[in-house]
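>>> just to be clear, the model below is a prediction. Sequence and coordinates:
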Amino acid sequence: MTGSMRYSLLMFTVRRCARHGCAAPAFMEHDVCFAHLEDRNAALASLKAALLPDTLVMNQCFDGLELLASDFSRCRFVGCTFRGVHLNHVLFTGSSFRLCFFDGSVFSSCDFSGCDMDFCSFGNSGIIDCSFENGEYIHVNFNGCNISEVTFTGSNLYDSRFLKTRLSYVRFDNCDLKKAYFIPDHEEATTYTGSNAAEAVRDMEHLYL
Ligand SMILES: [Zn+2]
C-alpha cells in the first residue's frame, strides 16, 4: 500500500466525528475525531508508518493530533488540516505544504527547516524552539502567534504575515523579507542581520498595498 494511493482516494471528503454530540472532524480515515479514538496508539502507529518520505498526503484531517517525537521529513501535504494539534519534537524537514492549516496549535522543538510552504496558516498558534530555516514560506500566516526562540534564518518569507504576533528571541537573519508584513504586538530580541528589512511592511498604512 503506498501512501499516495491510499490518501488520494479520500480527496475532498469532510466527515464529522461519529460520536454523538461531537462536532469535531473525523481524524484521517477514522470514523471519530482524534480525541475519541479508541486505540490512539494504533492510529499513531499507522500514521507514522504511512508518512514516509515522498508520500503525497492530500486533503487529510490531522486536527487535534497530539504527537511526540516523530519524523515526517520530505512528505508532501496538500489541503491538509492540523488545527489544534500539539506537536513536540516532530520533524517536517524538507517537506512541502500547499493550502495547509495549522491554526490554534502548539509546536515545540519541531523542525520545519528546508520546507516549501505556500498558502498556509499558523494563526494563533504557539511556536516555541522551532526551526523554519533555509526554506520558502510564501503567503504563510503567522498572525496572532506567540513565537519564541525560533529561527527563520536564510528563508524567503514573501507575503507572509506577522500581525499581532508576539516575537521573542526570533532570528530573521539573511532572509528575503520582500512584502513580508511585520506588525507585532510584542517584539523582543529579534534580529534581521543581512535581511532586506526595508522591503518588509512595518505599518498599518501600507498593509494592503
Ligand atoms: Zn469526537
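Okay, I see it. Nothing here was measured: the structure is a model prediction, and the numbers come from that model.

>>> residue 198 should be in a helix, yeah?
Yes - counting by DSSP: H, G, I helix; E, B strand; the rest coil, residue 198 is found in a helix.

>>> would you mind measuring from it to the ion?
48 Å (CB to the ion, to the nearest Å). Any C-beta I mention is one placed from the backbone N, CA and C, and that applies to glycine too.

>>> ok, now residue 200?
41 Å.

>>> wait, isn't that residue in contact with residue 180?
Yes - if you go by CB atoms under 8 Å, residue 200 and residue 180 touch, sitting 4.7 Å apart.

>>> pick out whichever of those two has more residues nearby.
Between residue 200 and residue 180, counted using other CB atoms under 10 Å, residue 180 has the larger neighbour count: 27 against 22.

>>> against the ion, how distant is the more buried one?
In terms of CB to the ion, residue 180 sits 37 Å off from the ion.

>>> contacts only, for that residue.
Taking CB atoms under 8 Å, 6 or more residues apart in numbering, we find residue 180 in contact with 157, 158, 159, 160, 161, 162, 199, 200, 201.

>>> what does the model give the second one for pLDDT?
The reference is to residue 158. For residue 158, the pLDDT comes out at 97.

>>> grab the nearest non-local neighbour of it.
residue 138 (5.0 Å; CB to CB, 6 or more residues apart in numbering).

>>> elements contacting the lengthiest helix in the chain?
Counting by DSSP state H, the longest helix found in the chain is helix 40-50. Under the contact definition 3 or more CB pairs under 8 Å, 6 or more residues apart in numbering; DSSP states H and E, helix 40-50 sits against helix 3-8.

>>> low-confidence ranges in the protein?
1-13, 207-209 (pLDDT under 70).

>>> mind giving me the packing neighbours of the host helix or strand of the residue nearest to residue 158?
Assessed by DSSP states H and E, residue 138 sits inside strand 136-141. The contact analysis (3+ CB pairs under 8 Å, 6+ apart) places strand 136-141 against strand 116-121.

>>> next secondary structure after the strand it packs on?
strand 126-128.

>>> how far out from the middle of the chain is that next one?
Distance of strand 126-128 from the chain centroid (CA atoms, centre = their mean, to the nearest Å) equals 11 Å.

>>> contacts for that strand next, please.
105, 106, 107, 108, 109, 142, 145, 146, 147, 148, 149, 150.
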